Structure formats: C-alpha cells, structure tokens
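K.L.:
below: sequence and its predicted model.
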Amino acid sequence: MVQEKKRAINRLQTMRPIRAEIDETYKANVEASKAGNPIAWAMLTIWLGDAIFHAMDIGATYPESYGAVCAASGAAQSYLDRSDEEGFPTHMCGYARNCIGYAARMMKDCGGEIPPEAPMGGMPKPAVLLSRGMSCDAGFKWFQALARYMDTPMWTLEMPIPGVKEGLSEEVRERNVAFMTKELRDFVSFMESVFGRKMDWDKLSQTVQDLEAIGRVWYETSELRKAIPCPMHSRDFWTCMSGPSTPTGDLKKKLKLYQDLYEEVKDRVENKVSAVVQEKYRVGFTELPPWHSLKLFDTLAERGWNFVVETWGYHPAVPIDLTGVNDPLERLARISYSGLTTSCFQGAAQAGEYMGFLGYPNLKYAEEYKLDGFFLHPLLSCRAASAHLWYVQDRLMQKLKVPSLMVEGDIVDVRMFDLADALKKAEAFEEIMDHYKEVRKKEGMEW
Amino acid sequence: MYFAGVDIGSTMTKVVIVDEDGELCSRIVGPTGAEHRRLANRVMEEALKQANLPFNQISYVVATGYGRVNVPFADRQITELSCHAKGVSSLFPNVRIAIDIGGQDAKGMKIINGTLVDFVMNDKCAAGTGRFLEVVSDALGIKVEDLGSISLRSTNKVKISSVCTIFAQQEVVSYLSEGTPLEDIVAGLHEAIAGRVVRMVKRLKIEPDVVLTGGVAKNIGVVKAVRENIGLEVLVPEDPLLSGALGAAILGKETVLKALAKGELIPKKERRLEEATFFT
Amino acid sequence: MPVAEETKGLSRVKELYQDRPQRVKELKGEGRKVIGYLCIYPVVEMMTALDLVPYRLFGDMREPITKADACLPPMVCPFLRSSLDLALKDKYPFLDGMVMAHICDVGERMAHIWRTYVDYPYFYFMDVPHTTHKSALDMFKEEIKGFQKSLESFTGKEISAEKLKQAIRVHNDQRALVRELYDLRKTDPPLITGTEVLQVMVALAGIPVGEGNELLRDVINEIKQREEKSPKQAARLLVWGSVIDDVSLIEIIENAGANVVMDDICVGTRSHWSEVELTPDPLDGIAYRYLVGIKCPRTFREAALDPKGKNYMADLENRFGYLKDYVRGWNVNGVILQSVRYCDTHGYEVPAVRDYLNSLGLPSVYLEHDYSQSSLAPLRTRIEAFLEVLG
C-alpha cells in the first residue's frame, strides 16, 4: 500500500472555493470585455477605487496581480524583454515591465486583441486606467508610460502618508481624509463622464457595507493566527487576501466564503491544529512573496517553519468606528487611511519609531504573533518594498532581539531568485533563531 | 593618396590603409595586450611595411576604439560607433542596422544612407560580449574558435537562464555533470549571447539590411542564433574584425577629399610616428 | 596673518563649490541656526522668514559609500545613499535640523531612516501630493501650514504674513537673477559654460538667499565684462534628468566638444525657474509654485482631463512643453538625458521625453550612471558618438 506523503502545509479547505472564485474573475473579465463591457486596469488601491468600479458595473483587472500570474506561469520573460526593447530601464518594477511589455505586444502586434500566448485569458484592452500615488512611484509612473501604447483615460488616486510624528494630530488626519474623500468624488465624476453613466450611490453604499463586512471577518481571521500553534499559513493568506479589498463577483456569496474560512480557522485554534506538521519556528514574511517559487514555503514547512503573519499594504484593515459616517466615499477614505496606512502610527509614536506604515508593523507583529524571526525578501526591481528592509532588520534586532533572514529575489524575474541558495540560508538561520530565543528568554521577554 | 584607420579595441588592434578609391592596401590585426599605449605605432609600422609605404605618405590618420586616445600620431579621434557605421556601409550599402560584438562590448548602430543616426551600447557587463564565450569555453574545455561548428550539431539546445556570465558558467558545469551533449550546451550559450545582444539592439527598431561584425561574428553558431532572434537575414563581412578600422580610414579619406574639393587646408596636425607617452 | 581681500564673483563661486559648508559654519559661529534639506520641495521661504539658514544637502561622488550600506540596500538611488552616508559620517555637525519631503519612494523611506540614526534638535517630514489636482493643492497648502507651525514651535517665533511675503520676494529675486544668468547662455558661444553655471547653482544652495543674490549680481557683471570666450561649438546641448551636484559629467560633455547651454535638472532650472506668485494669502502662491510650478517627474502631470479619451501628443505637450521654450530660447540642437541608476522617477519618463524630443526633431541620447567618478569615464564614448551623430 502506497503511503500518501502528508503535505507539509496544512492548507485550509475553505481556501479553495475562495481561490476558485478569484480565478473565475479573470475569465469573467475577459468574457465581459468580449461582450462589450468596459474593463479597467487598476493598481491595487488599498480600498479606494474598487468599490467604485463595482458600483458602476465596470470590471477591473489588476496588472500587478497579472504580473504575479505571468511570473508563476513562466510567461513573464517575453514581456520583460519587450519592455527592455521599448526603451524602459531594466531596473524598473517587474510588474510594470511585464505590463508595459504586454501592452506593447497587445497594441502593436495584436491590434488591441489579447495576445494568444497570454496566460489565464490575458488582460483585455482597458477603457480606463486607475493608478495611485502612495506606496510606490511606479504606481503612477508606470500607468503614465502606458499612454505610449493606448489612448486610455487615466486617473491617479491620491493617498497621503505623513511622517509618524507629523501625522499624529486629529487635524492632520481629518485633513487627509477630506482630501482623499474629495479625490474619490472627483474620480467618480471622471468615471461618469468617461463611461456616460451615473454612479449608483445606493449600490455603492451597499458595496462598501459588504466589503466592510468581509474586511471585518478577514481581520478577525488574521487575529486568530496569533494562536500557538498558528492555524493558518501565509500561503493561504496570500491566496485569499484580495477578497476584502477587491469587490468582484457576488459579495454576499464572498462574505459567506470568508465566514467559512473564519470558522475553519477558529475551529483549528480550538483544537490546536497547526498549519504545518510541526510548528518549530513562527516566522513573519516581509514584503512581497516570490510568486514564482512558492514551493519554498512547502519545503520550509517540512522543517517546521510556520509563516504566521505578513506585512505590506495588504495586511487587513483594522476595523475603525465609522458611526455617523454616511458618505460611502468617506467611509472608504477612512478605512484606507486610518484602517491601513496610519493604523500603526500611535503605536509607532509610543515606541519611538519613525517608520509607521512599513517598519513598525514588523516590530508590532513580532510581539503580538510571538515571532522567532522574519524572512525579509528584498526585490531587485522593487525599491518601494525593499529600501527599508536593512533598517527593519536592524530595528528588530535592536529593540526585540528578533533576527531576520535576508533573501534576495525579484517579483517577476525568476532568474534573480535562487531557491537552493534560499534553502541553504534558511537552514543556517534556524540556528540563529534558536540562539535569539535563548537571548530573549534571558532578557525576560515574553517569547 | 593614402589614409589609415587605427582601431584599438580592448582585445584586438586593427589597422587598415586605403587609397583614395577606398581600395584596401593593407590590413593588420593583432592582440592589444596590456601595453596598447605603446603598441599603436608598431602596428602602424607593420601596416606601412605591408603596403610598402612610408609614414609621410599617409595623408590622414583616424584613431578609434577603446584606446583611441593613445594614438599620438592620429590626426583625429572618432568613436568606434561612427567608424563601424561607416565601415559597414562601405561593404553593405543598404545596411540599416549594424551589430558589433567585440571582446568586451557590444553595440548596435542605426544607419541611414551611410550615416550613424542612433546607437545602443553595452560596455558594462560581460554577458553579451566575446568575454562571455571565452569564459564558458574555458569551463567546457574547448577552444573558442571551435564553438561555432560544435553548436551546429545541436538539435536540442539547453536554456541558459543566468543573466550573469559567472552564474552561466555554473550552469554549464551543472549541465556537463548531468551528461548533457556538448553541442546542446554550446547552442544554448549562443542563444544566450545572441538573445541578450538582440534585445538591446531591438531598441533601435530593427529593419533590413542587418550586418553583424566583431570577433564573435566569426562564430557561425552565434550568427545563426542572431538570425533566429531577429527573424531576418544577417549579413557578415568576409573580415568581421576590420569594419572599425576600415570605417576610420574611410572617414579620414572623406575628410581630406572634402577639404580639397573646397580648396581648404587639410585639417591635421604635425605628427610623428612614435609611442604614446603617459604624460602628454 | 594678512587679511585676504574678500573673494567675489566666480572666484567666490569656486570657493563655495569646493568647500560647501564654509559660509554656514561662519554663520553658525555668529549664532545663526542652520537647517539642512534635501531636494527642492522643502519650502525655503519659510526658513528664510524665520532667519534660519536653509542649507541644501548633496552627496559626494568621490566618497565611497560605507556607513549607509548598513541602512540602505545597494539597489537604490546612489545619490540618496551618498547623502545619508555623509550624514552618518558626521559631515554636518553644524546642522540644527533637517527637512525632508516625499520626493520619491526611497526619499520618503530614507527620511524616516535618517531621522532614526541621526539626532537633530529639529526634524520635519513634508508630505507632498503626487498630482496637481485642486484638492491636492488644498491639501498641500495645509501641509505647508503644518511645516510653518513646526518651525515656529522650534524657533519660538511667529511668521507674520508680511515677513513671509518679504521672504518670498527675496527668493523670487534670486529666481529672476538666475534667469538673467541663464540669458548669458543664449549667445553663440555662450558667455558662461555649463560647468560654471552648475558651480554657481551649487554655491547658491549653501548660502543665505540675500547673499546668493549679491553673488549672482557680481557673477553676471563679471561674465558680461569677461574678455576670454569659451570656444564656439556646433553642439548646443540641454542636459535633462536627475540631480547633478558635481561638475564632472558636465565637464566630460563640454570637453568632448559641446556647449551645455541649458538644463532641466533640480540644480538648475527646476529649482529656480518658477516664481512664487504673491497671493493675498501667501501660502496659496507657495503651494502652487512648489507643486505645480516645479517641473519634476515625481509629480503626475497630464493634459486636462478629456473624458473622450487621451491624446498622447497632447499629453506630452502638456508635460514637456516647457522644454520647447528652452530649446527655442537657447537654440538647443541636442539633448542629453541622464539619470542615476535605479531612479524610477526618471527611468519611466525617458521613453516619453524622447518621444516628445523626436516630435521636435531633436536628437537625444540617454546616459545612466551610478553617481561615482568611475562610472563617468565609459560615458565619454557615448557622448562623443552622440556629438558625431549631431554632426
């Protein structure tokens, strides 16, 4: 009798229908576009733009995610090469290069039709581009560069990010929220004139409500991961993370799926079921995962590495009190600004830390999730997600005696990441994690 | 009248003497070595001997290439980009894109009616240059000049994924230990170098005629791979190393003939055939 | 020791270019407070209005980066790495404070990193919006107000609207004087070289605005009366791109046989071309000038929103139309686009700028370097080849 090899990562059952639903969306977008429905290419706008698309019946596709899809399927290389040929620097964001190369191919070679080799049905030609200015410059510079290939109207959503000290006052918060709300309102007017249809404000309010409900469940689920052993691995998190902020498909159905997820995770907590066969190390991941080499985590799970929390803009929004806020746009602005961007600012200020959106969450999570170490993944082409990692490594060690492992790679260029090398480093890092566990014990720290 | 072109590349030094009809009177190719500052005059002497000419019969000398500042007897220095463009156009009048893969650099030149109008260069990274082939042929234990014929036997070339020459070397070693046929590895390496160079040149918008020069153009495997990557016919001159020196000599000729036609003085300086000194 | 006569004009410029902190050290000795800042978004008028001495920080191309490696990875802007490196090496003991702004991804993150590792009595981070939407302008005005309040709190003094307007006028005077200086580049050959202009701009960045104005007047007079002229060259070039704070690159270009007659960099036209309009509430004029007036690719600019669709050429005209004025006014016949490696802000911009320049029939070449002396030498061949293409 053949003994089935037990999978090292104990994936959540309830993750699968969520993943299926997300996969469906790509196909749905393509179909909708073929049927004449407009499609937007959007950057991930951390809660801001997507509800608006949904309420106006405009499909959205996300070139950042598509970059990850192309990387994982091995299709990215030809688009990256094309971007080089078009004269764009090679050090640019891999997602941007992938998308620019794709756009050049689609518009110049295929007359605006989806290229035949594009994985997962491809991305249809967009009717509108939505970019953002906050977490990275590429966010708007890249979409601006797409104007070379398509005469598509574009909007950039503003997302202010003050310094920790500068941003503490209520005055600054209210001003920034008012700014973002006005921006969203202008964005809605823009969309109305581009598509010749009016915003359905009731639908928007309902959509925002639905998203908030999903977001709350998602947040609670994430909090459950603090349990020892951790019931949900980062791989499941990454598979499901787009749900609460990208409102595609039937939102009521989606809420149910996330509630099921929560229940399964809660159940695991009660029964002390771990996400990996034997949790030896509780590790955090920072920032963007190597989509093309996710099997790294399976191998590490076999060694007892449980990835229990991740940082970056997709960490769940902290639920905030929105009583009295009836304007759905203002709700979105507040969730984005206070629930995400500045949610850690108070804590950072108290801890004397100056980096509030990135950086401090690492310290916070190390404590709350009782982490033995962080896996820091600097990316050759993403300065936004890498520039601070040396600093983060230092702060974690200085303040909490938590070590971190630095393993370099790239988000789409698979040649930059060396799996064998990463595993070798990880093995050596285990000793370091063991050592600092002792150090923390001696210093009387909780974990 | 006679005109000389001196092309001091990082690996090879080339000298060409042409007459006023552009006919080749002599050609010398030799290794540059570490002492290229002192080499130029010696190579020039050889070229003069071959053409049976005294130095003072040379109306104009143009120096080009990496070491062009170290040719004290040159009347003018012109970059290898312009010189290659000129040299290639004289051999292939309909050339639009010239690609030169040298020992330590690679260049793409856009040419319209014999004039350089745009260019791209890689001189920072060994991958995509002759150096790449030297390093990997060393790892394979075969001579660089045999790479071409070996690769033509391949029916199933491997994929070299490393961007960096050093890592590509490691990939080669690991393919060898797996027992992969030599010709497949070599063909894969040719694909890697050709792909890299063509990607760079595509920024110039490739159109025919396309000409390939440089030491690496003697490798029929690379020529084939470049052809496949571009999807167009790729022409290679009989002597792929000479286009820079040839172009330099022709540019010298054009300078002088133009001046004469206008009745102007030939724009050159007093010069003697001697070594370059370090502190001129 | 004999008292040396005070150097003036271009000699003074060269002095200040070689030894940048010379003047602020003297002022510090006289009891003045010096505030360092990076880039051109920190509002200098505010600092001047409180009698603080704004001192713009640059990097050092000749100094190998060592200490900054512990705080920043190697694949980020080497200019910013160098700037931080110098601070960590305690090259700025005379600074009473620092102001940084959200100039770019690495700039923003580095501001917080810098603040962590170097202690100052005063530090302020200015958030700058990324678009020129009306709501962005309104937000930015509030942000500047916040900056003002923090400076007032630091100095214990208040800035009256009148004091602020005075400061605006003096800074506007400098901008007008710089344009006068640049007029001297219109002739053929230009009366002042690109190298000299860069030295002037670097010198201005390290001294109080009033002293800078005096220096400019001296330099302009000196140039106008100068006998020796730089040689006439066929190539009259504009240099575009990321920060240049060292003359080496300009020297290489000019030595190759070209006149650098104009620029679009932040140690040049970007920092000084646009004036602050004296609006009744001075903050309106300031916010507009800094967010809209400064032409830097870090700000998202597009043609007036046309819901019917986009027109690429109209968009390019809106973004880069000012270059046409430079080209025509200074009779430019070629453009050198340059940026430091890893600069995303400028890297994304290059193909669009080249498209625009192509539409004007202007040849251009793009050079990338890593902000070190050794990285410049290989650029010589490209520059020379470009000049040969220009013919």
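P.N.:
Done, it's in.
K.L.:
how near is the residue minimising distance to the centre of chain A to residue C:258?
P.N.:
Residue closest to the average C-alpha location in chain A (Cα atoms, centre = their mean): residue A:314, at 3.7 Å. Here the criterion is Cβ to Cβ, to the nearest Å. By it, residue A:314 lies 49 Å from residue C:258. To be clear about C-beta, it is placed using only N, CA and C from the backbone, and glycine gets the same treatment.
K.L.:
and the end-to-end length of stretch B:100-117?
P.N.:
16 Å (Cα to Cα, to the nearest Å).
K.L.:
ditto for stretch C:117-130
P.N.:
27 Å.
K.L.:
is that stretch anywhere near chain A?
P.N.:
Yes: with Cβ under 8 Å from any Cβ of the partner chain as the criterion, chain A is reached by stretch C:117-130 at C:124, C:125, C:127, C:129, C:130.
K.L.:
just the closest of those residues to chain B, please.
P.N.:
Nearest to chain B among these: residue C:130, at 28.7 Å, using Cβ to the nearest Cβ.
K.L.:
please look at that closest one and residue C:298 and confirm they touch.
P.N.:
Yes: under the criterion of Cβ atoms under 8 Å, residue C:130 makes contact with residue C:298 at 7.4 Å.
K.L.:
ranges for the helices of the stretch 201-350 of chain C?
P.N.:
C:209-225, C:248-255, C:269-272, C:282-288, C:312-330, C:344-359 (DSSP state H, counting those that start in this stretch).
K.L.:
which of those helices sits closest to residue B:127?
P.N.:
Between residue B:127 and the helices of the stretch 201-350 of chain C, the tightest spacing by Cβ to Cβ is seen for helix C:344-359, at 20.8 Å.
K.L.:
buried ones in the closest one, by neighbour count?
P.N.:
Neighbour-count burial for helix C:344-359, counted by 16 or more other Cβ atoms under 10 Å in any protein chain shown, picks out C:344-357.
K.L.:
before we move on, the earlier item: switch the helices of the stretch 201-350 of chain C over to a markdown table; also include mean pLDDT and distance to residue B:142.
P.N.:
What follows is the helices of the stretch 201-350 of chain C, written out as a markdown table (pLDDT from 0 to 100; distance: least, Cβ to Cβ, whole Å):
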| stretch | mean pLDDT | distance to residue B:142 |
| --- | --- | --- |
| helix C:209-225 | 97 | 64 |
| helix C:248-255 | 96 | 42 |
| helix C:269-272 | 97 | 55 |
| helix C:282-288 | 97 | 68 |
| helix C:312-330 | 94 | 51 |
| helix C:344-359 | 95 | 40 |
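K.L.:
nearest to chain A, out of those helices?
P.N.:
helix C:344-359 (3.8 Å).
K.L.:
close to chain A, is the helix or strand just after that closest one?
P.N.:
Later in the chain than helix C:344-359, the nearest helix or strand by DSSP states H and E is strand C:364-369. Yes: contact of strand C:364-369 with chain A (Cβ under 8 Å from any Cβ) involves C:366, C:368.
K.L.:
give me the residue from chain B nearest chain A.
P.N.:
Residue nearest to chain A within chain B (Cβ to the nearest Cβ): residue B:202, separated by 3.8 Å.
K.L.:
now do the contacts for residue B:85.
P.N.:
Contact analysis of residue B:85 by Cβ atoms under 8 Å, 6 or more residues apart in numbering or on different chains lists B:98, B:109, B:111, B:114, B:115, B:116, B:247.
K.L.:
same question for residue A:164.
P.N.:
Contacts of residue A:164 (Cβ under 8 Å, 6+ apart): A:345, A:348, A:349, A:353, A:354, A:355, A:356, A:360, C:112.
K.L.:
got it, and residue C:130?
P.N.:
Taking Cβ under 8 Å, 6+ apart as the test, what residue C:130 contacts is A:133, A:134, A:140, A:156, A:158, C:136, C:298, C:299, C:300.
K.L.:
need the contact list for the second one.
P.N.:
The one in question is residue A:134. A:46, A:158, A:159, A:160, A:161, A:341, C:130.
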